[in-house]
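Colleague: pasting the sequence and the predicted model now:
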Amino acid sequence: MHKSNVNVKCYVDSCYYWGQNNFCEAETIEVDNQTVGDRSMEIGSLGDAQNEAKTSKETYCRTFKPKNQEKNF
């Protein structure tokens, strides 16, 4: 189900979209699974069960962009 007007809290102050009171100001947010172990920071395949995230540490935000870049997608 699609929800609109959802507030996303983010504590990565080096991100271009990081806003006042730790709110993400990106128009859209994309988050993926992250493989854990010897294949650190590789994207897991959604839906295959073995690489599904079980904790927040096993995810990462693909929307992240360093503060010094312009908003051009």
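Modeller: Sure thing, it's come through. Because the structure is predicted, anything quoted here is derived from the model rather than measured.
Colleague: show me what counts as buried in the host helix or strand of D32.
Modeller: Secondary structure from DSSP states H and E places D32 in strand 31-33. Under the neighbour-count criterion of 16 or more other Cβ atoms under 10 Å, strand 31-33 has N33 buried. All C-beta spots, glycine's among them, are computed from the backbone N, C-alpha and C.
Colleague: ok, and the closest non-adjacent residue to Y16?
Modeller: K65 (4.4 Å; Cβ to Cβ, 6 or more residues apart in numbering).
Colleague: quick one on the thing from earlier: name the next helix or strand downstream of the strand holding D32, please.
Modeller: Strand 31-33 is succeeded, C-terminally, by strand 59-61 (DSSP H and E).
Colleague: buried ones in that next one?
Modeller: Under 16+ other Cβ under 10 Å, the buried positions of strand 59-61 are 60-61.
Colleague: neighbouring strands for the helix or strand bottoming out on mean pLDDT in the chain, and are they parallel or not?
Modeller: The weakest-scoring helix or strand in the chain, judged by mean pLDDT, DSSP states H and E, is strand 59-61 (a mean of 83). When pairs are called by DSSP bridges, strand 59-61 turns out to pair with strand 31-33 (antiparallel).
Colleague: and the strand it pairs with, what's its mean pLDDT?
Modeller: In this model, strand 31-33 has a mean pLDDT of 85.
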